[in-house]
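Visitor: Compute the structure for the input listed below.
(chains A and B)
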Protein chains: 2
Amino acid sequence: MKNKVLRELLNNKGSFVSGQKLSRDLKVSRTAVWKYVNILKEEGYKIQSVSNKGYRLVEGPDPIMVDEIMDMLETEFVGRRIIYMQEVDSTNDYAKKIALDAEEGTIVVAEKQTGGKGRMGRRWISPPGTGIWMTLVLKPRLHPSKVYQITQATAVAVSKAIWETFRLKAGIKWPNDIIVNGRKICGILTEMSAEPDLVYYIVVGIGINVNTEEEDIPDEIRGKASSLKIELGRDVSRKELLVRTAQNIEKVYKDFIAEGFGSIVHDCNSLSVVLGREVEVVGGSRRCRGRALKIREDGVLLVETANGIEEILSGDVSVRSMEGYV
Amino acid sequence: MKNKVLRELLNNKGSFVSGQKLSRDLKVSRTAVWKYVNILKEEGYKIQSVSNKGYRLVEGPDPIMVDEIMDMLETEFVGRRIIYMQEVDSTNDYAKKIALDAEEGTIVVAEKQTGGKGRMGRRWISPPGTGIWMTLVLKPRLHPSKVYQITQATAVAVSKAIWETFRLKAGIKWPNDIIVNGRKICGILTEMSAEPDLVYYIVVGIGINVNTEEEDIPDEIRGKASSLKIELGRDVSRKELLVRTAQNIEKVYKDFIAEGFGSIVHDCNSLSVVLGREVEVVGGSRRCRGRALKIREDGVLLVETANGIEEILSGDVSVRSMEGYV
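Guide: Purely as a prediction, here's the structure:
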């Protein structure tokens, strides 16, 4: 109901809508309307209330309107269920709690994460209302040793969604970062629950910096991280990007399930910002330097080093002259 | 406190212990003593109460005495924390809920499972008090693709524990069943929570049929399943077996972490009941028949078929003339 009130105000942005009209159209009491307006104010919307005139939305954060998103979505299963929250510790952790009983394609999305996570237990900064902090539940019949391919498939989908929505080139830093103009604007964190040879479920966390301001970026990653707003020089809507992301994920995922990783590997290569560059890879106790050659049919990164060609299954990749690495 | 009352009765098994003495030694009221005795009765202990004499343990299920087990355990971390419950849905499911915050080596053990699980979502029958239904939490630095090796390592440890405790030959049906005289007496279910290239934790569920009676075994698996009591022809104690199992697991696991699966593969082969036999393997959509040759250095089962040597990574193995397979 709160979202319905918000939508009415958005549809009349800048003009007054009377409490009486809202009450009649939405079939709730005027006290209820007043209550929902107050909740919206607490969430950061600037709403003017004037006696005999009603309510007027002056400005507010770019809203994620779940029912509108669902109307827009042209998908079979991705996003057919959306769990939307103002605040959560981590959308991945929340998704893991509900995943066993959730339908495939369920999306958990929050305005704010208080304990957002990156790979290897790193922190992910998720200021309220400025990004898309979402997690998707998937249940493929897949061997755990192939789950890393889902990360790369998701990266392809996000990169395509950013291009379609903003005509902005977003490349992939193997395996799981999205890079615009040399800075990271999105990270992907895949987690699984599994038997040694059977995946129960996968949760794919996607964090996209959308309207993040330069000053919201913590000092230690400034210069390495960016947002769509910073790169485009204007405020952008999260709604369309979220919809296109979900649609691209469904398409890429269906191809992956039907035809395997081979269906994606061409995009992985053509969207990569790593290939042909001098890289340093740190994975586990190993460290190697060399020139990134290609992403193989199975998603493995091939790096030409002084000792020959190394097959990189996982690890952190630093690219020379990108994200502050010299 | 209930366990303390039980231990006093066990120490004086067959003789009366006065309520007054129990109350004084255990520093609780006589009403409390009476309450705990009633709980024990409900759990299946036969306890005689006679005015002016006190309580006498006539007979009872073989108790798992956690504090006694901890005294007996000569381990560094396996079983240093034991969570003991009368009843639980599944020790694996419980362990997964606490695993992230639990210390490595924590054991969850229950007298009864109401929803015990086998591999691939199968049911595991766990009648109260007759078996060891336990789950161990492990946190190795391990790639998810290697987790199946933990299952085989655990099978080696359980097989050795049964030999040490009862001088009974318990073989391993690759990868996760323990077989005595051609019938299954133990199953192992390994589950994990992980990133694509980093295990957060593993829970290893071990279900051993100890004092299960022939009539407790469901019709559909009769002839395939057995228990230590059935095979030995006498009641046996779960306590010593649990201790030896924990100790062997710690030893095998430490070797595995330090030296890799190569440290275990000799035992996997020598304890196998599969090698040299005609087997049928069903895994995913694949099915193959042939003669089991050996377990390779990495835990893969090699089967000689009409089409050459197949490498079996996972699957269900049926052995001709074992467990009712003809």
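Visitor: show me where pLDDT drops low in the stretch 1-150 of chain A?
Guide: A:44, A:59-61 (pLDDT under 70).
Visitor: Return the residues of it in contact with chain B.
Guide: Counting by CB under 8 Å from any CB of the partner chain, the positions of the stretch 1-150 of chain A adjacent to chain B are A:96, A:119, A:120, A:141, A:143, A:144, A:145, A:147, A:148, A:150. Using the backbone N, CA and C atoms, a C-beta is placed for each residue, glycine as well.
Visitor: and if we set it to 6 Å?
Guide: Proximity of the stretch 1-150 of chain A to chain B, by CB under 6 Å from any CB of the partner chain, involves residues A:144, A:145, A:147, A:148.
Visitor: How about the contacts made by the first one?
Guide: Under the criterion of CB atoms under 6 Å, 6 or more residues apart in numbering or on different chains, the contact partners of residue A:144 comprise A:194, A:199, B:144.
Visitor: change it to 8 Å
Guide: With contact set as CB atoms under 8 Å, 6 or more residues apart in numbering or on different chains, residue A:144 has these partners: A:192, A:194, A:196, A:197, A:198, A:199, B:144, B:145, B:147, B:192, B:194.
Visitor: In the beta-sheet assignment, what are the partners of the second one?
Guide: According to DSSP bridges, residue A:199, residue B:192 are recorded as the beta-bridge partners of residue A:194.
Visitor: picking up where we left off before, out of the residues of the stretch 1-150 of chain A next to chain B, the closest to residue A:247 would be?
Guide: residue A:147 (22.3 Å; CB to CB).
Visitor: how deep is the closest one tucked in, by neighbour count?
Guide: Using other CB atoms under 10 Å in any protein chain shown, the number of residues around residue A:147 comes to 24.
Visitor: Grab the nearest non-local neighbour of it.
Guide: Residue nearest to residue A:147 in three dimensions, not counting chain neighbours: residue B:196, with 4.4 Å by CB to CB, 6 or more residues apart in numbering or on different chains.
Visitor: ok, that neighbour touching residue A:153?
Guide: No. Between residue B:196 and residue A:153 there is no contact under CB atoms under 8 Å: 11.7 Å.
Visitor: in what helix or strand does the closest residue to residue A:88 other than its chain neighbours lie?
Guide: The shortest distance from residue A:88 to any non-neighbouring residue, by CB to CB, 6+ apart, is to residue A:110 (4.3 Å). If you go by DSSP states H and E, residue A:110 is part of strand A:107-113.
Visitor: Kindly list the main-chain dihedrals of residue A:122?
Guide: Dihedral angles phi and psi of residue A:122 (degrees, to the nearest 10) take the values phi -70, psi 160.
Visitor: Do a quick rundown of the helices in chain A.
Guide: Counting by DSSP state H, chain A has helices at residues A:2-11, A:19-26, A:30-42, A:66-72, A:91-98, A:148-166, A:228-232, A:238-259, A:262-270.
Visitor: which of the residues in the shortest one are buried?
Guide: Put plainly, it is helix A:228-232. A:228, A:229, A:230, A:231 (16 or more other CB atoms under 10 Å in any protein chain shown).
Visitor: now do stretch A:177-189
Guide: Applying a neighbour-count criterion of 16+ other CB under 10 Å, one finds A:177, A:178, A:179, A:180, A:182, A:183, A:184, A:185, A:186, A:187, A:188, A:189 buried in stretch A:177-189.
Visitor: And residue A:124, how close does it get to residue A:157?
Guide: According to CB to CB, to the nearest Å, residue A:124 and residue A:157 sit 19 Å apart.
Visitor: Neighbour count for those two, which is higher?
Guide: Neighbour count, other CB under 10 Å: between residue A:124 and residue A:157, residue A:157 has more, with 27 against 18.
Visitor: The more buried one and residue A:256: what is the separation?
Guide: As judged by CB to CB, residue A:157 and residue A:256 stand 10 Å apart.
Visitor: now swap in residue A:82 and tell me
Guide: Distance from residue A:82 to residue A:256, by CB to CB: 22 Å.
Visitor: What is the burial count for residue A:52?
Guide: Based on other CB under 10 Å, the number of other residues close to residue A:52 is 7.
Visitor: Distance check, it against residue A:316.
Guide: 61 Å.
Visitor: same check, this time on residue A:161
Guide: Taking CB to CB, one finds residue A:161 at 24 Å from residue A:316.
Visitor: And these two? Which one has more around it.
Guide: residue A:161 (26 against 15).
Visitor: Return the residues in contact with the more buried one.
Guide: Each residue near residue A:161 by CB under 8 Å, 6+ apart is listed here: A:241, A:244, A:245, A:247, A:248.
Visitor: For residue A:248, which non-adjacent residue is spatially closest?
Guide: Closest residue to residue A:248 apart from its sequence neighbours, by CB to CB, 6+ apart: residue A:157 at 3.7 Å.
Visitor: And the residue of chain A positioned farthest from its centre, its phi and psi?
Guide: Most distant residue from the mean C-alpha position of chain A: residue A:52, 42.3 Å away (CA atoms, centre = their mean). Phi and psi for residue A:52, reported as degrees, to the nearest 10, are phi 70, psi -10.
Visitor: Can you give me the distance of it to residue A:31?
Guide: 17 Å.
Visitor: Any figure for the gap between residue A:1 and chain B?
Guide: Separation of residue A:1 from chain B (CB to the nearest CB, to the nearest Å): 34 Å.
Visitor: pretty sure residue A:22 is touching residue A:54, no?
Guide: Yes. Using CB under 8 Å, residue A:22 is in contact with residue A:54, at 7.3 Å.
Visitor: What count of nearby residues applies to residue A:259?
Guide: Using other CB under 10 Å, residue A:259 is surrounded by 10 other residues.
Visitor: and if you look at residue A:78?
Guide: The local packing of residue A:78 (other CB under 10 Å) involves 24 other residues.
Visitor: Give me the number of neighbouring residues for residue A:293.
Guide: By other CB under 10 Å, neighbour count at residue A:293 equals 15.
Visitor: what do you get for residue A:196?
Guide: 27.
Visitor: So what does it have for phi and psi?
Guide: Dihedral pair for residue A:196: phi -60, psi -30, per degrees, to the nearest 10.
Visitor: ok so, going back, now flag whichever of the buried residues of helix A:228-232 is closest to residue B:14.
Guide: Using CB to CB, the buried residues of helix A:228-232 come closest to residue B:14 at residue A:228, 78.7 Å.
Visitor: which residues sit in contact with the closest one?
Guide: A:162, A:166, A:168, A:180, A:185, A:208, A:209, A:210, A:211, A:236, A:241 are the contacts of residue A:228 under CB under 8 Å, 6+ apart.
Visitor: got those residues as CSV, with distance to residue B:295 and pLDDT columns?
Guide: Putting these into CSV (distance: CB to CB, whole Å; pLDDT from 0 to 100) gives the following:
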residue, distance to residue B:295, pLDDT
A:162, 48, 98
A:166, 54, 96
A:168, 53, 97
A:180, 49, 96
A:185, 48, 96
A:208, 46, 96
A:209, 49, 95
A:210, 52, 94
A:211, 56, 88
A:236, 56, 88
A:241, 50, 96
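Visitor: So which of the residues you listed wins on neighbours?
Guide: Greatest neighbour count in the contacts of residue A:228, by other CB under 10 Å, goes to residue A:209: 29 neighbours.
Visitor: sorry, back to before: and which of the buried residues of helix A:228-232 is nearest to chain B?
Guide: Distance to chain B across these (CB to the nearest CB) is lowest for residue A:228, with 26.1 Å.
Visitor: What pLDDT is listed against the closest one?
Guide: As predicted, residue A:228 sits at a pLDDT of 96.
Visitor: and if you look at the one 5 residues further on?
Guide: pLDDT recorded at residue A:233 is 94.
Visitor: Need the phi and psi values for it.
Guide: phi 70, psi 20.
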